[in-house]
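Colleague: Structure for the following, please:
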Amino acid sequence: MSNRRDFVRQAASLAALGSLGYAGSASAQNIELAKILCGFPPGGTSDAMSRRLADKLRGNYAANVVVENKPGAGGQIAVTALKDSPADGSVMLLTPSSMLSVYPFVYKSLPYKPDTDVQPVSIACWFDHALGVGPAVPESVKTVKDFIAWAKANPDKANYGSPGAGSMPHLIAGLLSKTTGQDLKHVPYRGSAPGIQDLLGGQISSMSSPVGDYLPHIKSGKLRVLAVSGAERSKFLPDVPTYRQQGYDINVREWYGVFLPGKASPEVVRRTAAYLQPALSQPDMASSLANFGMEVASSTPQVLGDLLRADTDQWRGIVRKVGFTAES
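Modeller: The predicted model follows:
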């Protein structure tokens, strides 16, 4: 889906027009307390975004909107909790796409079915992943090609960290390793923060992680980003070429989406989307997410459903090519 960004922007504009008929239906919901489930601990990017969205929905979507953190199993616990939640719009999930598009091919079994247990409502944002290097790699290494050549000459240092085994950043770097034929040892972390610290300290040579993880360290010159994963250069790192621009067939972006339980009615889904679209379109949402290297977006439920199906097809092939499973 090479034109995803334009497609989603157009769909968001249409969705905003179509949602006007639902704008006055807040009182009809009669929701006193709504919850946004977050599959990660407080303090991280997922939690911060969930809380910003809760702030925008509080007082109109429901009298009160809170974030309920359900960390564990790489986000699976929160998806499972949504499956068993009331379907009246009082509980929604904000999650990265990996839990639904990547995990079905990484894990032998999941406690939920992405195609039936969750109901797509709206995209919330897009972001790229990136390959960065730190002080363990010479400053002469400025491109992916340079890094692969350096890794070949220094096999004992040819490694990369990621936020976790089976995560999208892990698989992107794993695909690079397969594509180039250069063995790169994977060093999994429990989240991006400890991996970035080891990258800064020279304990690992490179890191595959969301673009936003690198932004605080680039101006200081402590880290260098060699490539971004999307079809276009990131607006946050305009001087960094994509993998494709450097000759590598890697073109993926991750997104966050909002979901309701799979048993939610079409009316509840439409009404929830009608409140989400204006909440996500507020300027301060875009500016706050930019601090994390994310581009805010919104969409119709159908657009998010189509995107999830397309991404699922893409990741089926990527995981097969990389050859990784949670049991491997």
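Colleague: is residue 159 in a bridge, and if so with what?
Modeller: residue 185 (DSSP bridges).
Colleague: Make sure it is actually in contact with residue 204.
Modeller: Yes. The pair residue 159 and residue 204 qualifies as a contact (CB atoms under 8 Å) at a distance of 5.6 Å. Placement of C-beta: from N, CA and C, glycine included.
Colleague: From the neighbour counts alone, determine which of these two ranks first.
Modeller: residue 204 (23 against 19; other CB atoms under 10 Å).
Colleague: Name the next helix or strand following the helix or strand hosting residue 93 along the chain.
Modeller: Using DSSP states H and E, residue 93 falls within strand 91-96. Sequence-wise, the next helix or strand downstream of strand 91-96 (DSSP H and E) is helix 98-101.
Colleague: in the stretch 101-250 of the chain, which spans are helices?
Modeller: Ranges of helices within the stretch 101-250 of the chain are 103-106, 144-153, 168-180, 192-201, 215-218, based on DSSP state H, counting those that start in this stretch.
Colleague: Buried deepest among those, which one?
Modeller: Among those, helix 168-180 has the highest mean neighbour count (mean count of other CB atoms under 10 Å), at a mean of 23.
Colleague: Give me the contacts around that one.
Modeller: Outside of helix 168-180, the residues within contact range by CB atoms under 8 Å, 6 or more residues apart in numbering are 96-98, 102, 129, 131, 144, 148, 160, 162-164, 183-184, 186, 188, 206, 208-210, 229, 243, 248-250, 252, 254, 315, 318-319, 321-324.
Colleague: now swap in stretch 34-41 and tell me
Modeller: The contact list for stretch 34-41 (CB under 8 Å, 6+ apart) reads 46-47, 50, 53-54, 57, 61-62, 64-72, 74-79, 81-82, 85, 89-95, 99, 191.
Colleague: And those residues, which of them are buried?
Modeller: Buried by 16 or more other CB atoms under 10 Å: 46-47, 50, 53-54, 57, 61-62, 65, 67, 69-71, 74-79, 81-82, 85, 89-95, 99, 191, out of those.
Colleague: Out of those, which sit inside helices?
Modeller: 46-47, 50, 53-54, 57, 76-79, 81-82, 99 (DSSP state H).
Colleague: mind listing which of the contacts of helix 168-180 are in strands?
Modeller: Judged by DSSP state E, those include 96, 129, 131, 160, 162, 186, 188, 206, 208-210, 254 as members of strands.
Colleague: These, buried ones only, as a ChimeraX selection?
Modeller: Command for ChimeraX that selects the buried part of these, burial taken from 16+ other CB under 10 Å:
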select :96,129,131,160,162,186,206,208,209,210,254
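Colleague: ok, the ones in strands among the contacts of helix 168-180 vs residue 301, which is closest?
Modeller: Residue 301 lies nearest to residue 96 out of the ones in strands among the contacts of helix 168-180, by CB to CB, at 18.1 Å.
Colleague: can I assume the closest one is in contact with residue 259?
Modeller: No. At 11.5 Å, residue 96 does not count as touching residue 259 under the criterion of CB under 8 Å.
Colleague: Under the pLDDT cut-off, which ranges of the chain? List them.
Modeller: Applying pLDDT under 70 to the chain picks out residues 1-29, 328.
Colleague: remind me, longest strand of it?
Modeller: Longest strand in the chain, counting by DSSP E: strand 118-127.
Colleague: quick one: that strand to helix 76-83, angle?
Modeller: Relative orientation of strand 118-127 versus helix 76-83 (axes from the mean of the first three to the mean of the last three CA atoms, to 10 degrees): 140 degrees.
Colleague: Sheet partners, orientation included, of strand 118-127?
Modeller: With DSSP bridges as the test, strand 118-127 is paired with strand 254-261 (antiparallel), strand 295-296 (antiparallel).
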